[in-house]
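# Kindly return the folded structure for what I paste below:
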Amino acid sequence: MAASLPPTYDRTAPNALGAKVNHDEIARFNFLTSVNVHLGTQLFPGTKLAFEQRVKPAFKKAQGREIATRVEVRDAMRTDPLYQTWAALRRNTMEMRQQTGRAIALRQLDALIARAKELNDAKPTLQLNPQTKIPRYISEVDNHCMPGSYYGELVPDDVSGPANYDLGVFVTGAGSMSARNDGGGRGVAKFVRERWPDFKPKRIMDLGGGIGSNTLPIAQAFPDAEVIVVDVGAPVLRYGHARAQAMGYDKVKFVQAALEDLPFEPNSFDWIQSTMFWHETSAPAITNGMKRIYELLAPGGMTLHAEQPNFTESTPLWEKFTKDWDAWYNNEPFWSKFHTMNVIDLMTAAGFQKDKLIEGEVVSDVEPGFYQPWAGSLSRHAPEKTNTAPTTRAWRGWYMFGGWK
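Numbers count the residues shown, from 1 in each chain. Presented below is the predicted three-dimensional model:
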């Protein structure tokens, strides 16, 4: 039987800003990517067998009833040696991926800062606000084990965090996010253009857009629109703006602001977009954020969000348990709570009419022939991309929800 190996790191398409990697660093990234694939495709299926054949029967014998909640599954699985091995290795690969990317960025930090300054200085398209208040859901956790999260600064003008992030997306997704880590944004752009070919937005916001990897494909697909990336972290905006400039996207704006204090006029956007943003916020943030989005949209405007799916009564217990793993062990505290919230209800409470709501799915758009055709199935997030959405149908991609004003 032939081994299924993920794409190698040298097949990525580095931008003119990104940190340079040497032979040994590429080897480390390739090793970590392969370990992620092995854990997901070879070891993880065994944890379900352990649950069915060992853990669940033992729980019933001890408690006199069937296991009932995803928290009970978690607590019971913690004692199983196979699950302990898989979970520890999965956590360790994320920590090692962060350590490797961080070491690469830090050894060339002076050069990265100098290059970012050269691309950013005096550009009106980068708007930083030192008075921006970092919300607790960002300031109190290093999201997905990334030291300093999105806003931390080791030195003035720091870009080490986002450089690390940019370097390591390939490892986390096993190449399934394309050569430039922009497969999600390209998938969103394709979704919109195919579903609404006559939609011509004049002003687009990418909320929580970070380094802009998913924003730039949208800017490319809608070249006549003013495109604005909004994020709370100054480092990701410095890096993202310089990255965009280096790639020739000199009109995309990068604005520092918190979701709680968006500095824009009502009715001023035709499209407000986010990609994997809400699960890193909080219940009050998404509740109030949807209301603010409704205010900012122009009449006839649209909002779309690629995110985690909500759990329903038909979602299997094992699936609930596995999808919550990142909340418990990968520094994503809101991940679990977000699964239980009904985003359709949130949108209607914010003012959107039910007959104008949108549901769909988005699949990462990977360059034809660039990666092996099976690469997209190797992401450690693959279990989260096969789920039961609110309509109870099976979804192959990320859950997309939104609505028209």
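# Mind splitting the protein into its structural domains?
11-121+137-165, 175-404 (automatic domain parsing).
# quick one, which of these is nearest to residue 130?
domain 175-404 (7.6 Å; Cβ to Cβ). Where C-beta positions appear, they are placed from N, C-alpha and C, glycine not excepted.
# what mean pLDDT does the closest one have?
Averaged across domain 175-404, pLDDT comes to 89.
# where does residue 177 fall, phi/psi-wise?
Main-chain torsions, residue 177, degrees, to the nearest 10: phi -100, psi 10.
# Kindly report the same for residue 242.
Torsion angles, degrees, to the nearest 10, at residue 242: phi -60, psi -40.
# can you list contacts of the strand ranked longest in the chain?
Longest strand of the chain, by residue count under DSSP state E: strand 297-307. If you take Cβ atoms under 8 Å, 6 or more residues apart in numbering as the criterion, strand 297-307 is touched by 184, 187-188, 191-192, 196, 199, 201, 203, 267-279, 293-294, 338, 343, 358, 362, 398-405.
# Same question for stretch 21-38.
Applying Cβ under 8 Å, 6+ apart, the contact partners of stretch 21-38 are 4-10, 89-90, 93, 96-97, 100, 103-104, 167-168, 170-172, 174-175, 378, 380.
# how does it look with 6 Å?
With contacts defined as Cβ atoms under 6 Å, 6 or more residues apart in numbering, stretch 21-38 is touched by 6, 8-10, 93, 96-97, 100, 104, 171, 174, 378, 380.
# between those residues, which is nearest residue 154?
Lowest distance from residue 154 to the contacts of stretch 21-38 (Cβ to Cβ) belongs to residue 104, with 14.6 Å.
# which helices and strands sit right next to the helix or strand where that closest one lies?
Here residue 104, judged by DSSP states H and E, is contained in helix 81-107. Where contact means 3 or more Cβ pairs under 6 Å, 6 or more residues apart in numbering; DSSP states H and E, helix 81-107 is packed against helix 23-38, helix 44-50, helix 160-173.
# Point to the residue nearest the middle of the protein.
residue 276 (3.9 Å; Cα atoms, centre = their mean).
# Any figure for the gap between that residue and residue 199?
Computed as Cβ to Cβ, to the nearest Å, the residue 276 to residue 199 distance reads 22 Å.
# now residue 86
Taken as Cβ to Cβ, the span from residue 86 to residue 199 is 44 Å.
# Show me which of these two is the more surrounded one.
residue 86 (22 against 14; other Cβ atoms under 10 Å).
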